[in-house]
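Q: Give me coordinates for this.
(one chain, ligands or ions: 2)
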Amino acid sequence: MKIVGGTVITCSPGRNFVTLKLETDEGMYGLGDATLNGRELAVASYLSDHVLPAIVGRDARNIEDIWQFLYKGAYWRRGPVTMTAVAAVDTALWDIKGKALNVPVYQLLGGASRDAVMVYGHASGETIEQAVEAVGRYVSQGYQAVRAQCSVPGLPQTYGIGRGDRYEPAARGAVSETRWSSARYLGSVAPLFERLRREFGPDLHLLHDVHHRLTPIEAARLGRALEPYALFWLEDPTPADNHEGFRLIRQHTTTPLAVGEVFNSIHDCRALIEEQLIDYIRTTVVHAGGLSHMRKIASLAELHGVRTGSHGATDLSPVCLAAALHFDLSVHNFGIQEYMPHSDETERVFSHAYAFAGGAMHPGDAPGLGVDIDERLAASFPYQRAYLPVARLMDGTVHDW
Ligand code: EZ4
Ligand code: CO
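A: Ligands and ions are numbered 1, 2, ... in the order given. From the prediction side, this is the model:
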């Protein structure tokens, strides 16, 4: 079965997505997500200008060989653009193999290790009371786990605060800039979780995303302040470029830590996993080299008692979500999956076999990934340049957003 060509589909049904459609001589095709939020066209070019011409004619059944060919063969390895492109090819090849063998991808990955995949939703509010109401809406939909974020008094816009239950940080047009103060933020988090625990009791899993904005010692202080509220995890407490920072946080708090949505290779997280400095690894299919590479990360994590918690925001397309669900269902050391429902326009462009019920999801039993794209409809939503916001401290210094 030979790869005969492919198309890179860029579209914007509510937000931008890049999708690789890989075709074989047997008329079968596979899909791979190639979306890198705010830098979409770099991956589209990497795929159409450099990757597709190099893989036409290769045997689509040799997934691992093609992965190594793209990774080692490029000489220039790693990095988000490269690894997103490699992921798109890898994901499409797993989709093709599943369709060729007439089985869902999770069967190729070893079969189901559980009945379904626990997901967490995103609740936020301008005030603590609004955030409490938002969490309540998730609980009434059956969610067992909810991430909670609240505005910081005195700061104009902060990461994670949506309109209603929707949150979409990338904005079309020019780059927007916002302000940040760790001092103001630090005092605002514990009161939110104190209130949530009082309202919802001990069983609901509560999560919070710091989004890389604290120094290690600030993150240590926050983790300690949140200990009475027994979080499921504290996410991206500090920029993970600095692994030593996690050693410092770990010395001070028992709040579980989750990291990895911006990682793109096993080398980015190897030390964090081997030294058990984190509890959950949040790499995801589209940004960390596809299912093939994700399985290696999960296997390393399994050795060290670290569980998976894949990134699953709306900038990861339904193709990535489907692939993540096949991965989550199969790996032994699964922890939780992030889930933000896509917009109605996105749902119309991408049909899928996966479904949500009772706080959990299942990838479905359609052959392959169980996702398809309506290319004609996608073409009616042309790509529009969009950027994530940039944050500055109160004195104007650029900071992590
Ligand atoms: O900011 O996916 O946990 N989820 C997140 C996301 C990220 C976006 C960036 O593109 O941190 O909301
Ligand atoms: Co995050």
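Q: Buried residues of the helix or strand hosting Ser45, list them for me.
A: Assigned by DSSP states H and E, Ser45 belongs to helix 40-45. Neighbour-count burial for helix 40-45, with 16 or more other CB atoms under 10 Å as criterion, is recorded at Glu40, Ala42, Val43, Ala44. For glycine as for every other residue, the C-beta is placed from the backbone atoms N, C-alpha and C.
Q: repeat for stretch 387-401
A: Using 16+ other CB under 10 Å as the burial criterion, the residues of stretch 387-401 that qualify are Tyr387, Leu388, Pro389, Ala391, His399, Trp401.
Q: State the number of residues packed around whichever residue of the stretch 151-300 of the chain sits closest to ligand 1.
A: Here the stretch 151-300 of the chain gets closest to ligand 1 at one residue, Asp209, 5.0 Å apart by CB to the nearest ligand atom. Neighbouring residues of Asp209 were enumerated by other CB atoms under 10 Å; the total is 21.
Q: For it, which non-adjacent residue is spatially closest?
A: In space, not counting the residues next to it along the chain, Asp209 is nearest to Glu235; the distance is 4.2 Å by CB to CB, 6 or more residues apart in numbering.
Q: Nearest to Ala353 among the buried residues of stretch 387-401?
A: Using CB to CB, Leu388 is the member of those that lies nearest Ala353, at 30.4 Å.
Q: Tell me, what's the model's pLDDT at the closest one?
A: In the predicted model, Leu388 carries a pLDDT score of 97.
Q: So what does it have for phi and psi?
A: Backbone torsions of Leu388, given as degrees, to the nearest 10, read phi -80, psi 150.
Q: List the residues that contact it.
A: For Leu388, the contacting residues are Asn37, Gly38, Pro169, Ala170, Trp401, taking CB atoms under 8 Å, 6 or more residues apart in numbering as the criterion.
Q: Count the residues that sit near the residue nearest to it when sequence neighbours are not counted.
A: With CB to CB, 6+ apart as the measure, Gly38 is the residue that lies nearest to Leu388, at 4.8 Å, once sequence neighbours are left out. Burial of Gly38 is recorded as 17 neighbouring residues (other CB under 10 Å).
Q: Tell me which residues touch Gly38, please.
A: Ala170, Ala386, Tyr387, Leu388.
Q: Apply 6 Å and report the result again.
A: Applying CB atoms under 6 Å, 6 or more residues apart in numbering to Gly38 gives the contacts Ala170, Tyr387, Leu388.
Q: Would you mind listing what in the stretch 151-300 of the chain touches ligand 2?
A: Those residues of the stretch 151-300 of the chain that sit near ligand 2, judged by CB under 5 Å from the ion, are Asp209, Glu261.
Q: Could you tell me how far Pro113 is located from Phe334?
A: You called it Pro, but residue 113 is Ser. 7 Å (CB to CB, to the nearest Å).
Q: go on, Thr158?
A: If you measure Thr158 against Phe334 using CB to CB, the figure is 30 Å.
Q: quick one: which of those two has more around it?
A: The neighbour comparison of Thr158 against Phe334 (other CB under 10 Å) goes to Thr158, with 23 against 20.
Q: okay, that one: pLDDT?
A: Predicted confidence (pLDDT) for Thr158: 88.
Q: Also Glu177?
A: The per-residue confidence score, pLDDT, reads 96 for Glu177.
Q: If we ignore the residues flanking it in sequence, what's nearest it?
A: The spatial neighbour of Glu177 that comes closest, neighbours along the chain excluded (CB to CB, 6+ apart), is Val390 at 5.1 Å.
Q: centre of the chain versus the helix holding Ser45, how much separation?
A: Using CA atoms, centre = their mean, to the nearest Å, the mean C-alpha position of helix 40-45 is found 18 Å from that of the whole chain.
Q: Show me what that helix is packed against.
A: Contact partners of helix 40-45 among helices and strands, from 3 or more CB pairs under 6 Å, 6 or more residues apart in numbering; DSSP states H and E: strand 17-24, helix 80-101.
Q: Sketch out the low-pLDDT regions of this protein for me.
A: Residues of the chain that meet the criterion pLDDT under 70 lie in 164-165.
Q: 50 instead?
A: Screening the chain residue by residue with the criterion pLDDT under 50, one finds no matching range.
Q: in what helix or strand does the residue nearest the centre of the chain lie?
A: The structure's the chain has its C-alpha centroid closest to His311; by CA atoms, centre = their mean the separation is 2.2 Å. Secondary structure here is read from DSSP H and E; on that basis His311 sits in neither a helix nor a strand.
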